[in-house]
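*Asks:* Okay, predicted coordinates and the sequence, questions at the end:
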Amino acid sequence: MLAWHFLAEDKRLGYNDGRLVEVGQTLECEGEPELCSNGMHGSARLIDAAYYASGPIVCRVEIEGDVIEGADKLCGRRRTVLWMLDATQILHEFACACAEDALALVEQPDARSVEAIAAKRKWLMGEITDKELDAVWTASWAAAQDAAWGARAAADAALAAARAASESAVAAARSAALEAAEAAVAVALAAERYAARAVVRAVAWDAARGKQNERLTFMIMQAHEKESE
């Protein structure tokens, strides 16, 4: 079964395994596969794999042998890496895009949150320093504290896009994606105050996550195709 899996920068397995992962290589677990505790894991959707990521190296994998499927991940006896890509830059860009989605749901977003995303993009281009980015992050945090609850998730999304350079791309992307989805939920609940809130929450969350998965998958596949040329 085709899936996605992320590795740390050193391309070694975590959880005290330490094996080096290489393209074309098939790694196998010991014992019976068990979701969350034993086996070679992955996720059918890239956005779900990013949630469990240990680092920015994204792998397209095939998982075989007594495959067990869960809500957002799966595992089996064997996992073969078909190709891999260092997605550090892409994950930072994805974080910015998710934050912009969240702010678009707010009628009048705080200027400090907007500037946080703009600053992150400048940092990615090498136009500002880590120290300058950190200063904007601090201002954006103040904006989140000032926001009303309905807009807070959107303001917090800008924080994820304005993380200091010391924070990993995976953490920034994960945080921004989650906050953007939460912002969609907040706006949907406000618009449907008298509706069945649990239903509205589930629909808004699924829609936001689905959109983010499509975007991230497109960005990764585009980079992979370019690298393969």
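*Replies:* Sure thing, it's come through.

*Asks:* domain parsing for this protein?
*Replies:* Per automatic domain parsing, the domain ranges recorded for the chain read 2-86, 89-228.

*Asks:* Which of the ones you listed comes out lowest on mean pLDDT?
*Replies:* Least confident of these, judged by mean pLDDT, is domain 89-228 with a mean of 68.

*Asks:* now do the same end-to-end measure for it.
*Replies:* The first residue of domain 89-228 is 17 Å away from its last residue (C-alpha to C-alpha, to the nearest Å).

*Asks:* Residue 117: how many residues sit nearby?
*Replies:* 26 (other C-beta atoms under 10 Å). All C-beta spots, glycine's among them, are computed from the backbone N, C-alpha and C.

*Asks:* by contact count, what packs against the host helix or strand of it?
*Replies:* According to DSSP states H and E, residue 117 maps onto helix 111-124. Contacts defined by 3 or more C-beta pairs under 8 Å, 6 or more residues apart in numbering; DSSP states H and E place helix 111-124 against helix 88-104, helix 130-146, helix 149-161.

*Asks:* which ones are touching the nearest residue to residue 70 once chain neighbours are set aside?
*Replies:* With C-beta to C-beta, 6 or more residues apart in numbering as the criterion, residue 70 has its nearest non-adjacent residue at 5.0 Å, and that residue is residue 35. Contacts for residue 35 (C-beta atoms under 8 Å, 6 or more residues apart in numbering) come out as 41, 68, 70, 73, 74, 75.

*Asks:* hmm, 7 Å instead?
*Replies:* Residue 35 sits next to 68, 70, 75 when contact means C-beta atoms under 7 Å, 6 or more residues apart in numbering.

*Asks:* Run through the bridge partners of residue 34.
*Replies:* residue 38 (DSSP bridges).

*Asks:* Tell me how far it lies from residue 14.
*Replies:* Counting by C-beta to C-beta, to the nearest Å, the separation of residue 34 from residue 14 is 17 Å.

*Asks:* circling back to that earlier point, would you turn the contacts of residue 35 into TSV with secondary structure?
*Replies:* Formatted as TSV, the contacts of residue 35 follow (DSSP: H, G, I helix; E, B strand; the rest coil):
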residue	secondary structure
68	strand
70	coil
75	strand
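
*Asks:* circling back to that earlier point, backbone phi and psi for the residue nearest to residue 70, please?
*Replies:* Dihedral angles of residue 35 (phi, psi; degrees, to the nearest 10) stand at phi -50, psi 130.
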